[in-house]
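Novice: Quick check, what structure comes out for this input:
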Amino acid sequence: MFKFSLRPISRAASSVPTNSLKIGSFGAMYSTKHSHNHKFIVTEVVGKVGLVKLNRPKALNALCNQLFVELNESLLALDNDPKIGAVVLTGSERAFAAGADIVEMKDSEFVKNYTSGFLSHWVHQFEKMRKPVIAAVNGFALGGGCELAMMCDIIYAGEKAVFGQPEIVIGTIPGAGGTQRLTKAVGKSKAMEMILTGSINMTAQEAYQFGLVSSVHPVDKVVDVAMETAKTISNRSMLSVQMAKESINNSFEVPLASGLKMERTMFHSTFATKDQKEGMNAFAEKRKPAYKNE
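Specialist: Now for the predicted structure:
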């Protein structure tokens, strides 16, 4: 069974100034890097936004066990950090993630996979994330890479991004949400075509047309766009953002009547927060709200 640690990272003990990632108008001078002996990811904090970059360039960011151990660890730390309002996940310009590490998994056996819950740790932290995660996708997002992007709450695509689920070509099927999330995003027919052939991939523009991604941007701008959206979200009431995210995700799990009931309950509950009073008073007084997440 895969064993991994989910320990919060202490920013005071582990952050050092860095300019290792280019983040456009946000400026490297405002960023700090979580130095936690991570081999396959780089995590930075830019204002109220956590920026996580997959960093396995020679393998086109192929998703291996250790990468997900590190990714879960970083996401947990960012989710638990009260100063962080949203997270951006990206890869390189060549590949967001070209798929799972086939060499690592090719000799695995059914009993071991089943008893260990193989791949369950891929979605472990994403399923628990209270804060929004935005994927900024450039290049290949294939197989597990496409599934990883779909685990995020919002997807922005670079104009050369490619999405696909080619697992059938190597004798298997998607195992980290591909048959479920892709179908909900693009519809049954397109999902069937992509998954059953394994050879039909989506360009960035097609992904936008089918509703898989929110928008398409130049390759060198997509991370900046994601960071700007994350910054905007981070300046909202964190309580309301998390309630809204929970309500939206719940809509995929329950009938409409149950979803509407939960939504109303969440809406009613916002009136018990100081942020609701601040937001509505600020609107009435024609000023910007100063949310304290209370």
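
Novice: got the buried residues for stretch 76-92?
Specialist: 76-79, 81, 84-92 (16 or more other Cβ atoms under 10 Å). Heads up, the C-betas are built off the backbone N, CA and C, glycines and all.

Novice: quick one: low-confidence parts of this structure?
Specialist: 1-36 (pLDDT under 70).

Novice: how does it look with 90?
Specialist: 1-37, 99-110, 112-127 (pLDDT under 90).

Novice: can you map out the helices along it?
Specialist: With DSSP state H, the ranges of helices along the chain come out as 11-14, 65-80, 102-105, 110-116, 120-128, 144-151, 178-186, 188-197, 204-209, 222-234, 238-250, 256-270, 274-284.

Novice: Identify the residues contacting the nearest residue to residue 187 once chain neighbours are set aside.
Specialist: Nearest non-adjacent residue to residue 187, counting by Cβ to Cβ, 6 or more residues apart in numbering: residue 210, 7.3 Å away. Residue 210 makes contact with 185-187, 190, 202 under the criterion Cβ atoms under 8 Å, 6 or more residues apart in numbering.

Novice: And residue 210, how far from residue 57?
Specialist: 29 Å (Cβ to Cβ, to the nearest Å).

Novice: ok, now residue 215?
Specialist: Note on residue 215: its distance to residue 57, by Cβ to Cβ, is 26 Å.

Novice: Residue 245 too?
Specialist: 31 Å.

Novice: So for the two, which residue has more residues nearby?
Specialist: Remark: of residue 245 and residue 57, residue 245 carries more neighbours, 17 against 12, as counted by other Cβ atoms under 10 Å.

Novice: before we move on, back to that, could I get the contacts of residue 210 in CSV, plus columns for neighbour count and distance to residue 284?
Specialist: Formatted as CSV, the contacts of residue 210 follow (neighbours: other Cβ atoms under 10 Å; distance: Cβ to Cβ, whole Å):
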residue, neighbour count, distance to residue 284
185, 17, 39
186, 20, 42
187, 12, 43
190, 17, 46
202, 24, 45
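
Novice: ok, of these, which one's closest to residue 134?
Specialist: residue 185 (15.6 Å; Cβ to Cβ).

Novice: Tell me which residues touch the residue lying closest to residue 238 once chain neighbours are set aside, please.
Specialist: Spatially, and ignoring its direct neighbours in sequence, residue 238 is nearest to residue 293 (4.3 Å; Cβ to Cβ, 6+ apart). Counting by Cβ under 8 Å, 6+ apart, residue 293 touches 82, 237-239, 275.

Novice: Can you report how many residues lie near residue 52?
Specialist: Counted with other Cβ under 10 Å, residue 52 comes out at 22.

Novice: do residue 64 as well
Specialist: When neighbours are counted by other Cβ under 10 Å, residue 64 comes out with 19.

Novice: Equivalent analysis for residue 201, please.
Specialist: Residue 201: 18 neighbours (other Cβ under 10 Å).

Novice: next one: residue 55
Specialist: For residue 55, using other Cβ under 10 Å, the count is 18.

Novice: now residue 66
Specialist: Counted with other Cβ under 10 Å, residue 66 comes out at 17.

Novice: ditto for residue 159
Specialist: The tally of other residues near residue 159 (other Cβ under 10 Å) stands at 14.

Novice: ok, it - contacts?
Specialist: By Cβ under 8 Å, 6+ apart, the neighbours of residue 159 are 204-205, 216-219.

Novice: Kindly report the same for residue 192.
Specialist: Neighbouring residues of residue 192 by Cβ under 8 Å, 6+ apart: there are none.

Novice: distance of the residue positioned nearest the centre of the chain from residue 229?
Specialist: Closest residue to the average C-alpha location of the chain: residue 152 at 3.1 Å, with Cα atoms, centre = their mean. As judged by Cβ to Cβ, residue 152 and residue 229 stand 12 Å apart.
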